[in-house]
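Chemist: could you work out the structure for the sequence below:
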Amino acid sequence: MSHNLRVTERLASFVVEAKRHELPPQVAHQAKRSTMNFFAVALAGCRDATIETALACLAAFAGGEQATLIGRRERIDALGAAFLNAAGANVLDFCDTHTPTAIHPTAPILPPLLAFAELERVSGHDLLVALALGQEVACRIGLAISPSHYDKGWHITATCGVFGAAAGCGSLLGLSTAQMTWALGTAATQAAGLCECLGTPAKSVGVGNAARNGLLSALLAARNFSGPPEPLAGAQGYFHALGETPDLSRIADGLGAHWEILQTSYKPYPCGFVLHPVIDCVLDWRRACPDATVEKVMVTGNPLLALRADRPNISTGRESQVSVQHAVAAALLSGKAGLDQFTDACVNDAAFAALRGKIAVVRDASIPTIAAHVEIATADGAIHKLKQEAARGSDANPMTDRDLEEKLRAAAASWNPGQDIAPLIDAIWRLNASDDVSRLAALTVPHE
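Modeler: This next block holds a predicted model:
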C-alpha cells in the first residue's frame, strides 16, 4: 500500500478539528449512556478474581497514587488505573458493543480518559467529545477490516480499542494533526489481543493494555515522540502486517456526519452479545411454558455465533460467558441470565451440564448478529419455533436511559448495598455542565 493514501492523517485531522465543534445532541447523549453503562460494568467487575490478581501484581510496581480504581479504595498510577479499570469493565463480558464490528468500545477508551482527568483538569464537555471521537476512530478502523479481522482470531476490542484510546486521550491533550498521527502510530505498534484468550483471564490483558497503551501513546506524542506518516495503510503498517485488505472507504466516508457511537448496544445479560437474541427467545418461551420438559434445542444464528460461542464442553464461569449451550441451559433451568448464571458453580451443576449436551448450533449467514432462531423440542413431541429479530439492548431494540440507571444501581448494590450511587447517576447526566470531572470515578469508591 502506498504511503500517499494518508488514511491515518485523515483520521488524525478529523479528531483534531472535531474537538473545536459541538457534538450533535444525540451523540452527546449516547456518550453519556455509554458512560453510565461503563460504570455499571466496571463496578460489577472491579472485585473479580482476575482484577484482584492483576492489581496485586501491578501495585508492586506502581508509580504513585495518581488515579482512582473504580469501586475500590486503593489508588494507583494513571497508566495502571487505565489498565485495571478497562480490564474490570470488560472482564464479565457485560460492556457495550458496536454492533457492526463486535468491538466493545467504551471499556478500553473511557478509563484512560478518566485517569488523565485526575492528572489535568478536564471538563465534562471535553470528556464526552473525547469519548465519542475515540469510539469513532476505533470503530471505523474496525469496520475497514470486519469481519475478516475477528475471523482470523484477533480480539478486535483490543486491537482497535488502542487506537480509540490514543485518539481520545490525544483530544484531551490538544495534540496537533502531526502529533495525533504519531500517537496513532505508537498505538499501531502496540495493537494486540487474541480471541483464543476469550473465556480466560488472559483476555483482560489485551483490553487493559489497549487502554494503558493508548494513554501512553498520546502522552508520548505530546512530547513529540514521532512515528511513521502512515502507520495504518503503509507498506508494512497495521493493515498489511495483519494480512488484511481493508475497505478504506469505511474509515473516511461520512466522518462527522455519521457517528459510530450511535450504533452502540448495551447488554442486559453478562455474556457475549451474540448470545443475547438466543437468550431473549429462551427466556420468553420459559416464562410462557414453565413446566415443559426440554428434549433438544437447535439454535440458528449468524456464523459469528457458532465461531465464538459453540462451546458445549466448558468448565468455568468465564468460559460460560461465550458458550451458547450454557446460556440456553441457564435460561431454561433458572429462568434467568444474570451474573449468578455465569459462575463456576452454575457451570458444574450436573443438570446444566446434561442440558448443554442437548443443544446444537447451526450457521446461517442471512441472519444478522442481533437476531436468532431457536427450535425447542419438548417431551410431549411438540416443536416450538422461536425468533428474535433484534436482541434486547441492540441499537434496534435499545435499553432505555432508566434501564441503564437500573443496571448501574444493581451493579453497585451487588457488592455494597449501602453505597449511594445516585450522585454518580446525576453527575453523568449533568456532564455537559461540569468544568472538572476529576472526582467522577471517586463517586464509586466505598465510604466504609
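Chemist: counting by contacts, list what the one helix or strand residue 407 maps to packs against.
Modeler: Using DSSP states H and E, residue 407 falls within helix 401-415. Here helix 401-415 touches helix 25-45, helix 422-429, going by 3 or more CB pairs under 8 Å, 6 or more residues apart in numbering; DSSP states H and E. The C-beta positions use only the backbone N, C-alpha and C, and glycine is treated the same way.
Chemist: and the longest one, how far out from the chain middle?
Modeler: Yep, that's helix 25-45 we're talking about. Here helix 25-45 shows a centroid-to-chain-centroid distance of 11 Å under the convention CA atoms, centre = their mean, to the nearest Å.
Chemist: again, but for the shortest one
Modeler: Distance of helix 422-429 from the chain centroid (CA atoms, centre = their mean) equals 21 Å.
Chemist: can you give the contact residues for that helix?
Modeler: For helix 422-429, the surrounding residues in contact (CB atoms under 8 Å, 6 or more residues apart in numbering) are 32, 35-36, 39, 405, 408-409, 434, 440, 443-444.
Chemist: what comes up buried for it?
Modeler: Neighbour-count burial for helix 422-429 flags 424-425, 427-429 (criterion: 16 or more other CB atoms under 10 Å).
Chemist: one more: the first one?
Modeler: By neighbour count, with 16+ other CB under 10 Å as the criterion, the buried positions of helix 25-45 are 27-45.
Chemist: check which helices and strands the helix or strand just after it sits against.
Modeler: Following helix 25-45 in sequence order, the next helix or strand is helix 49-59 (DSSP H and E). Applying 3+ CB pairs under 8 Å, 6+ apart, one finds that helix 49-59 makes contact with strand 75-76, helix 78-90, helix 202-222.
Chemist: among the ones you listed, which is the most enclosed?
Modeler: helix 78-90 (a mean of 30; mean count of other CB atoms under 10 Å).
Chemist: same for that helix, what does it pack against?
Modeler: When contacts are defined as 3+ CB pairs under 8 Å, 6+ apart, helix 78-90 packs onto helix 25-45, helix 49-59, strand 67-68, helix 106-117, helix 202-222.
Chemist: and residue 61, that one's in a strand?
Modeler: No. Using DSSP: H, G, I helix; E, B strand; the rest coil, the assignment for residue 61 is coil, not a strand.
Chemist: any idea how far it lies from residue 208?
Modeler: Distance of residue 61 to residue 208, computed by CB to CB, to the nearest Å: 14 Å.
Chemist: where along the stretch 301-448 of the chain do the helices fall?
Modeler: Taking DSSP state H, counting those that start in this stretch, the helices of the stretch 301-448 of the chain run over residues 303-309, 317-320, 324-334, 344-347, 350-356, 401-415, 422-429.
Chemist: just checking, what packs against the third one?
Modeler: Secondary-structure packing of helix 324-334 (3+ CB pairs under 8 Å, 6+ apart): helix 276-288, strand 294-301, helix 303-309, helix 317-320, helix 344-347, helix 350-356, strand 359-363.
Chemist: I'd like the ones you listed laid out as TSV, including mean pLDDT, mean neighbour count and distance to residue 227.
Modeler: Formatted as TSV, the helices and strands packed on helix 324-334 follow (pLDDT from 0 to 100; neighbours: other CB atoms under 10 Å; distance: least, CB to CB, whole Å):
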stretch	mean pLDDT	mean neighbour count	distance to residue 227
helix 276-288	97	22	39
strand 294-301	98	20	41
helix 303-309	91	21	33
helix 317-320	90	23	36
helix 344-347	94	16	44
helix 350-356	96	16	48
strand 359-363	97	18	40
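Chemist: closest to residue 143 out of those?
Modeler: helix 303-309 (15.0 Å; CB to CB).
Chemist: from the contact counts, what lies against that closest one?
Modeler: Checked by 3+ CB pairs under 8 Å, 6+ apart, helix 303-309 has helix 324-334, strand 359-363 packed alongside it.
Chemist: show me the chain divided up by domain.
Modeler: As assigned by automatic domain parsing, the chain contains the domains 3-266+427-443, 273-388.
Chemist: and the ones you listed, which is most packed in?
Modeler: It is domain 3-266+427-443: most buried of the domains of the chain by mean count of other CB under 10 Å, with a mean of 22.
Chemist: from the middle of its chain, how far away would that domain be?
Modeler: 10 Å.
Chemist: over to stretch 302-312?
Modeler: 18 Å.
Chemist: need the CA coordinates for it. PDB is fine.
Modeler: C-alpha atoms of stretch 302-312 as PDB (Å, rounded to 0.1, in the frame of the first residue of the first chain):
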ATOM      1  CA  ASN A 302     -25.100 -15.700  12.300                       C
ATOM      2  CA  PRO A 303     -21.900 -17.600  11.700                       C
ATOM      3  CA  LEU A 304     -20.200 -15.400  14.400                       C
ATOM      4  CA  LEU A 305     -22.400 -17.100  17.000                       C
ATOM      5  CA  ALA A 306     -21.000 -20.500  16.200                       C
ATOM      6  CA  LEU A 307     -17.500 -19.200  15.600                       C
ATOM      7  CA  ARG A 308     -17.300 -17.600  19.000                       C
ATOM      8  CA  ALA A 309     -19.800 -19.500  21.200                       C
ATOM      9  CA  ASP A 310     -20.300 -23.100  20.000                       C
ATOM     10  CA  ARG A 311     -18.800 -24.400  23.200                       C
ATOM     11  CA  PRO A 312     -20.700 -27.300  24.900                       C
END
